[in-house]
Each structure stands twice: as C-alpha cells, then as structure tokens.
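Participant: Sequence first, then the predicted structure, then my questions.
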Amino acid sequence: MNDTPRIRTVLSCTLLALLVSAGAIACGGPDGHPLSAKPYDAAEQVSFNAPADGRKADPDKALEITAKGSEGRITDVTAVDATGHHLAGELTADGQRWRSTGSLTAGGRYTVKVSTEDEDGAPGVRTFTFETSPAKQGLTVKFGPEAGTYGVGQPITADLSVPVKDRAARAVVERALKVRSTPAVDGSWHWVDDKKLHFRPKDYWPAGAAVAVAANLSGVKVGDKLYGGESKPLQLTIGDRVEAVADAGSHYMTVRRNGEVINTIPVTTGKPGFSTRNGIKVILGKEYFVRMRGTSVGIAEGSAESYDLPVYYATRVTWSGEYVHAAPWSVGSQGVANVSHGCVGMSTANAAWFFNTVRPGDIVQTVNSAGNMMDPFGNGFGDWNLPWDKWRQGSALVADTKSAAHQPDPTRLRPSI
C-alpha cells in the first residue's frame, strides 16, 4: 500500500492546526492523529472462512481472515476460546491475510477481534464469534489409584481410552496431564505403553503432601481426527513415610516410620529356586485371608513343593502373588533361614502388626536375595527401581526418548507363599 496519502493527510492537519484556534478543527482524533480516532466498523473490509448462519466450523481446518481489496490492511488478530486460550496465527507482511497456526479446540466457542487500517491509516475493528464442531472421537483419561490416603511410594497412573503411538501426539497428551503437589515435587510422566502412563516424583512423595491430578484435554487436538474429552480429576493425600526393608541375608525386616525404626521382625524369604524378588515394591493392597495354592505358580499338585494353605494378614506387593503374610508353619525358620516359595513370611502376631501398620503406597524393599530384580512395570509398582535419568527417558517431552513399552507379567494374580 502507498503511504503517500497518509503522509499528506497528517501534514495537512498540521498546517490547518497552525491556522485556526486550538480545538476548532479535529483531524482524526482529538490529538489530530488518525490512530487516535474511534475505530470504524471494518465489517466490509475483511472476510473469514468460518461458516455463517450458526453452522459450526471444522476444528481440523485453519481459520483464515482476509482483507478485501487493496485499500486497507489487517494489523492484528486475536482469537480466544471460552476458556481463555489464545489461538496462535501468522499475519502476512502485506497485512492481507491472517491464518491460524495453532489447533482449534473441538466443541469450542471463539471470539475473534480483527484490527485494520484504511489507506489513510485510520483504525478499524471487526469482532465476530463462531463455534467449532465437537470431536467425533474423544480421548479420555482414567487416573489411579482411587481417591484416598496412600504411602509415599504410590505412583499416579493414567489409563487412556484409545492408544497413542505418535510421539508428537504423546507430547500433546503429556502436556495436558497436570500433577500438582503441596509441597511441590520434581516429577515426570513415563509412558508404560501406548495406553498407560505412570507419574512419580524424583524421590518419594513428601509425607503429608496433598496431590491433585487433572487432564486439560477437553477439545484439544491430539492427532489426526483425535481430540481430547472430559476426564475426572483425582485428589490424593500422602501419609507418613513408612518403609520396610526385608533382608534375605540376615532374615530380618526393619520397619521405619518417617526415618525412625519402629519394629525389627524375624522373617523368612524365598528359598533357592523360589527366591524373593530384589528391589523396591509398593504395597498394592491388604487381604485378611487368601487361599494360596502351589498350582497357581506352576507347582504340580502332589509334588514335594505342593501346598494349599489358608493365609492370614496378607499384604500384597506384586500381582503375581508375592505377599508379606503370616506363616505360622515356618516360625522356627524365621530369623534363621529362607524356606518360603517367594513371599516374606513372619509370625501371625507380627503379620497382624504389619498389616495394621501399613497402607497401600507404602514401601517394601527386599535386599540380598538371590532372586531377580523387581520389574518396573507389569507386576505391580516397581517404578522406583528405575534410576531417575532412566525414568525421565520415558517421557515424550524429553528429547530422543524411545517408546518404553513393557509387557505384563504372565503370572499375574498367582499367589505364592
């Protein structure tokens, strides 16, 4: 656009101002500058591609606003949805076209303000609203565990309603999953597979922390034809820091609360061939009574290792059936030798005390066992066995992260003693 007319107008106003008394003539606004004038209605100066007559726009298509003719130009565009999120966009250098670069929210309502100027530099404005069509397929998130009070080792889980494989789409999902802790923690999500994420802090949760989890995915474009839906938020409370360490070498378990030893218990762990898994486990739940059978872990009925026993005060630490439980039949070996089929056994009185002292999310760690390391995923919550740098690599927001898919343990729900 030629700037000469604008310069001529401003100069003419200046000359007139020298010839008349102050306030006798106004050119543009009170100060004589065109930009100080009240903006004119630019409805005839711009057009946009959002549908009219109450029809809804396709959120998969970009919003475009175009200046009509060559006697004016667009100077600025703001597009904001009902939640206050601004739609990013780019304006061409000549001011003739603005095009959104961000994704429109599905099922959203936008207010758009277009600022213009005419060939003389006078400002114009046009404001309009439009709505977008709702998502045809909504990605929802189910958070876990259920609301309540948990131990310092409890991970947050996020189960997605549809799989997300693309890295860019995973990043969109992960950015929308919000975990707020009071006091604050340094934490990260980790993709277990295409439909599940876990969140844990760098270190255990602070005792007494309040944790709020939410998914800000509603209407957000995740991938091709896939948008986020409404998801129920979650609130948790973290209890005392309770940690139990079962030493398979000394045959004793030490239990601490907030760093102070509150009990030392003689135990027996897995014997050769059935060694208890090493590593950190998170208590999954408590069952007053469990019927444990050797056939559930592949032991032939009637063989020398076969068993079928009523078990009380059973605190579960793996889905495959590893518990801390009462084992009155092995009291003579507790504190002396390892004779179980993989569980941590103790006297009935000690098992009752342990059962009544701990809660889901508390820590049970086994050390000095001949067994394998607890798997991070698939057989309970072994999340803490991954060093922090390895854990962070499971985030889609970390550069060069590879997919961290893990297969579930085939022995899920098989109890052992």
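Facilitator: On my side now, so go ahead.
Participant: so where's the chain uncertain?
Facilitator: Within the chain, the segments meeting pLDDT under 70 span 1-37, 137, 294-297, 304, 400-417.
Participant: 80 - rerun?
Facilitator: Low-confidence segments of the chain (pLDDT under 80): 1-37, 52-54, 69-71, 135-137, 293-308, 399-417.
Participant: Pick out the residue nearest the middle of it.
Facilitator: Geometric centre of the chain, nearest residue: L177, 2.9 Å, by C-alpha atoms, centre = their mean.
Participant: Excluding residues flanking it in the chain, which one is nearest that residue?
Facilitator: A215 (5.5 Å; C-beta to C-beta, 6 or more residues apart in numbering). Yep, even glycine has a C-beta here, placed from its N, CA and C like the rest.
Participant: pretty sure that neighbour is in contact with L234, am I right?
Facilitator: No - A215 lies out of contact with L234 (C-beta atoms under 8 Å); the separation is 9.5 Å.
Participant: and for those two, which residues touch both?
Facilitator: Shared contacts of A215 and L234 (C-beta atoms under 8 Å, 6 or more residues apart in numbering): F143.
Participant: who touches the residue nearest to the centre of the chain in this structure?
Facilitator: L177 sits in contact with 141, 158, 189, 197, 199, 213-215, where contact means C-beta under 8 Å, 6+ apart.
Participant: and what of S103?
Facilitator: Counted by C-beta under 8 Å, 6+ apart, S103 has contacts 59, 220-221.
Participant: Over to it. Which of the three states is it?
Facilitator: Classification of S103 by DSSP: H, G, I helix; E, B strand; the rest coil places it in coil.
Participant: i'd like the first residue to be 17 from this point on
Facilitator: All right, first residue 17 from here; so that's S119.
Participant: Check the gap between it and G275 for me.
Facilitator: As judged by C-beta to C-beta, to the nearest Å, S119 and G275 stand 48 Å apart.
Participant: From the contacts of L193, which land in helices?
Facilitator: Using DSSP state H, no member of the contacts of L193 falls within helices.
Participant: where along the stretch 167-316 of the chain do the strands fall?
Facilitator: 172-176, 193-198, 203-209, 212-217, 226-231, 237-239, 242-244, 250-254, 258-263, 268-273, 276-282, 295-298, 301-309 (DSSP state E, counting those that start in this stretch).
Participant: For the helix or strand hosting L325, give me every contacting residue.
Facilitator: Per DSSP states H and E, L325 falls inside strand 324-332. For strand 324-332, the surrounding residues in contact (C-beta under 8 Å, 6+ apart) are 299-310, 338-343, 345, 364, 367-368, 370-371, 374, 380, 396, 431, 433.
Participant: about what we covered before: which of the strands of the stretch 167-316 of the chain sits closest to L79?
Facilitator: For the strands of the stretch 167-316 of the chain, the distance to L79 is smallest for strand 237-239, at 13.4 Å, taking C-beta to C-beta.
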